[in-house]
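Visitor: here is the input, now give the coordinates:
(one chain, ligands or ions: 2)
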Amino acid sequence: MSTERLPIIDLTPLLEQRPGGLEQVASDLGHAARDIGFFYVTGHGIDPALIEATFAAARTLFAQPLETKMELTRDFFRTNRGYVPMKGENLDPSKPSDLKEAFNIGLDLRADDPRILAGEPFRAVNQWPALPGWRDTVLAYFNAVWRLGRQMHRAIAVDLGAAPDFFEDKLDAPLATLRLLHYPPQPPSAEEGQIGAGTHTDYGNITILLPDDVGGLEVQRRDGTWIAAPTIPGAFVCNIGDCLMRWTNDVYVSTPHRVVNRGGRERYSIAFFLDPNPDAEVACMPSCQGPDTPARYPPVPGADYLKMKLDASYEPVRRKSA
Ligand SMILES: O=C(O)CCC(=O)C(=O)O
Ligand SMILES: [Fe+2]
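Guide: Ligands and ions are numbered 1, 2, ... in the order given. Predicted coordinates:
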């Protein structure tokens with residue numbers, strides 16, 4: 001394991017709209033996004049009490065009987081919402097399934113939302129456990145990190161030579177997923193290659209991850225070696241996803257990572273995946289192409305891209321359970 005550390009980026013100048021703050025953070029984010037594709041962010045302004053309450057909500061949910069949790073997993077493959085039991089997913093399809101359970105929440109829509117009635121992909125109602133205050137807490141956290149992700153996209157847009165609001169209408173009704181995660185300690189009985197989260201890249205634009213103090217996230221450098229990404233109290237870990245890599249003609253990198261819970265304790269983490277609006281056209285940014293670097297990928301709607309990625313990750317589990 002390499003001793004290199006991921007960069008730490010302070011978002012305060014961006015979020016407080018200090019003079020030159022947007023450009024400063026654009027440069028810091030752009031550098032990290034082109035290099036290792038992973039970075040910590042501090043100065044994000046999200047209330048520590050909300051963070052604590054969301055962790056508490058995750059612990060309470062995962063402590064429910066399996067039967068109760070399984071009731072929250074209707075039609076998962078179509079909606080990408082609700083509960084995923086232990087070993088219910090293979091982030092690395094070449095390895096045994098992941099030693100984790102998860103719970104997904106998407107954009108919160110009413111049952112009579114026209115997008116649901118029209119059968120649009122991944123538009124669905126959320127599944128809510130019958131726990132007092134749970135929905136309010138988790139939705140407040142969803143909204144806070146979504147807002148943060150959009151603000152970070154202002155800096156990303158500037159780094160990519162676009163207007164600061166370039167991404168705004170592509171992220172205002174996004175296929176975003178908030179995912180609560182629970183990993184048991186890595187058991188001695190695990191199959192060869194079976195870990196908390198198999199090596200994978202994320203699918204969306206950016207991921208805003210809040211790990212607890214157990215640690216266990218590992219990031220793969222381009223030379224194949226691994227860097228530990230220990231938890232920094234109060235900081236998020238952010239990474240570039242495949243969709244933004246495509247948008248930038250591979251100028252930004254979506255970096256492989258994994259979770260191995262060697263800490264001997266239960267581990268909880270909360271990931272927010274900011275995928276674009278379903279109808280946002282994911283097309284090569286003008287600044288990322290030129291005579292020597294033509295666009296490598298044709299434009300694709302956000303929804304088609306996400307579907308392609310999710311299908312590949314659940315396919316092995318679906319096949320086994322068929
Ligand atoms: O739990 C973590 O720390 C990371 C999880 C992850 O990489 C993912 O769910 O995509
Ligand atoms: Fe990930």
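
Visitor: please make it C-alpha for all contacts and neighbour counts, starting now.
Guide: Will do.

Visitor: quick check, pLDDT for Phe236.
Guide: Note for Phe236: predicted pLDDT of 98.

Visitor: residue contacts, it?
Guide: By C-alpha atoms under 8 Å, 6 or more residues apart in numbering, the contact set of Phe236 is 40-42, 208-211.

Visitor: if you set the cut-off to 6 Å instead, what comes out?
Guide: 40-41, 209-210 (C-alpha atoms under 6 Å, 6 or more residues apart in numbering).

Visitor: show me what it is bridged to.
Guide: Val41 (DSSP bridges).

Visitor: these two touch, right, Glu101 and Met86?
Guide: Yes. Glu101 sits in contact with Met86 when judged by C-alpha atoms under 6 Å, with a separation of 4.4 Å.

Visitor: of these two, who's got more company?
Guide: Higher neighbour count among Glu101 and Met86: Glu101, with 20 against 17, using other C-alpha atoms under 10 Å.

Visitor: how near is that one to ligand 1?
Guide: In this view, Glu101 and ligand 1 are 10 Å apart by C-alpha to the nearest ligand atom, to the nearest Å.

Visitor: and the pLDDT at that residue?
Guide: Reading off the model, Glu101 has pLDDT 96.

Visitor: residue contacts, it?
Guide: Going by C-alpha under 6 Å, 6+ apart, Glu101 touches 84-86, 181-182.

Visitor: need the next SSE after the lengthiest helix in the chain, C-terminal direction.
Guide: If you go by DSSP state H, the chain has its longest helix at helix 134-159. Per DSSP states H and E, the first helix or strand lying C-terminal to helix 134-159 is strand 177-183.

Visitor: helices and strands around whichever helix or strand comes after that following strand, which ones?
Guide: Scanning forward in sequence from strand 177-183 by DSSP H and E, the next helix or strand is strand 197-200. If contacts are counted by 3 or more C-alpha pairs under 6 Å, 6 or more residues apart in numbering; DSSP states H and E, strand 197-200 sits against strand 257-259.

Visitor: hmm, who's touching the strand it packs on?
Guide: By C-alpha under 6 Å, 6+ apart, the list of residues contacting strand 257-259 from outside reads 196-200, 216-220.

Visitor: again, but for stretch 155-166
Guide: Here stretch 155-166 makes contact (C-alpha under 6 Å, 6+ apart) with 22, 26, 30, 154.

Visitor: can you confirm Leu109 is in a helix?
Guide: No. Checked against DSSP: H, G, I helix; E, B strand; the rest coil, Leu109 lies outside a helix; its state is coil.

Visitor: surely it meets Gln127?
Guide: No. Applying C-alpha under 6 Å as the test, Leu109 and Gln127 come out as separate, 10.9 Å apart.

Visitor: the two: which is more packed in?
Guide: More crowded of Leu109 and Gln127, by other C-alpha under 10 Å: Gln127, with 19 against 14.

Visitor: that one reaches Thr79, doesn't it?
Guide: No. Between Gln127 and Thr79 there is no contact, the gap being 10.1 Å when judged by C-alpha under 6 Å.

Visitor: near ligand 1, which residues of this structure? Just list them.
Guide: 202, 211, 217, 258, 269 (C-alpha under 6 Å from any ligand atom).
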